[in-house]
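S.K.: can you look at this prediction? I've put the sequence above it.
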Amino acid sequence: CKFRHRRAVALLVAAGARLGLRPLRLAGILCALVKARDYAGLECYVAARADVSAADHSGTTPLHVAAVDGDVRATATLLSAGANPAATDRWGRTPWHEASDAAAGGARAAAGAGEPIHGGVAPHDGHGAVATMLRQHGRLRQDGRIS
């Protein structure tokens, strides 16, 4: 996946190959790809059947990173690959908590700039869209826990 050869990855996976990365290393790679908005790299690891719910030492998953960044595309990619929307970090926070808090901060900033607010979220804010995706996908209650 280092060189983003998805076709080669698909052939290797079809032949039974598996990633040989430890979960902590994989989490670090996937979180970095999400943070860098390297969608080709992320999709390559998804094609390689990487565990997209892998967590680092603090319990942060790639989905947490996508939520903090309000990255709709990475969130959709991770959820469709089976990422756990109810994963909690060591502080008990789910990706939904991260997106919701960031959306609320964006709404406050937009209100201060005189922008219209709809449902507590500025209309251009990816955090609100990510929070909604996470809630719908994971059947989460309003507090971000599984219902």
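M.R.: Perfect, thanks for sending it.
S.K.: H57 and L24 touch, don't they?
M.R.: Yes. With contact defined as C-beta atoms under 8 Å, H57 counts as touching L24 (6.8 Å). Glycine gets a C-beta too; all of them are placed from N, C-alpha and C.
S.K.: neighbour-wise, which of these two wins?
M.R.: Comparing H57 with L24 by neighbour count (other C-beta atoms under 10 Å), the higher total belongs to L24, at 12 against 9.
S.K.: tell me, how many residues neighbour V13?
M.R.: Neighbour tally, V13, other C-beta under 10 Å: 14.
S.K.: ok, and the closest non-adjacent residue to V130?
M.R.: Using C-beta to C-beta, 6 or more residues apart in numbering and skipping the chain neighbours, the partner closest in space to V130 is A99 (4.2 Å).
S.K.: hang on, the earlier thing: quick check: neighbours shared by H57 and L24?
M.R.: When C-beta atoms under 8 Å, 6 or more residues apart in numbering defines a contact, no residue borders H57 and L24 alike.
S.K.: still on that earlier bit, which SS state does the residue nearest to V130 fall under?
M.R.: Under DSSP: H, G, I helix; E, B strand; the rest coil, A99 falls in the helix class.
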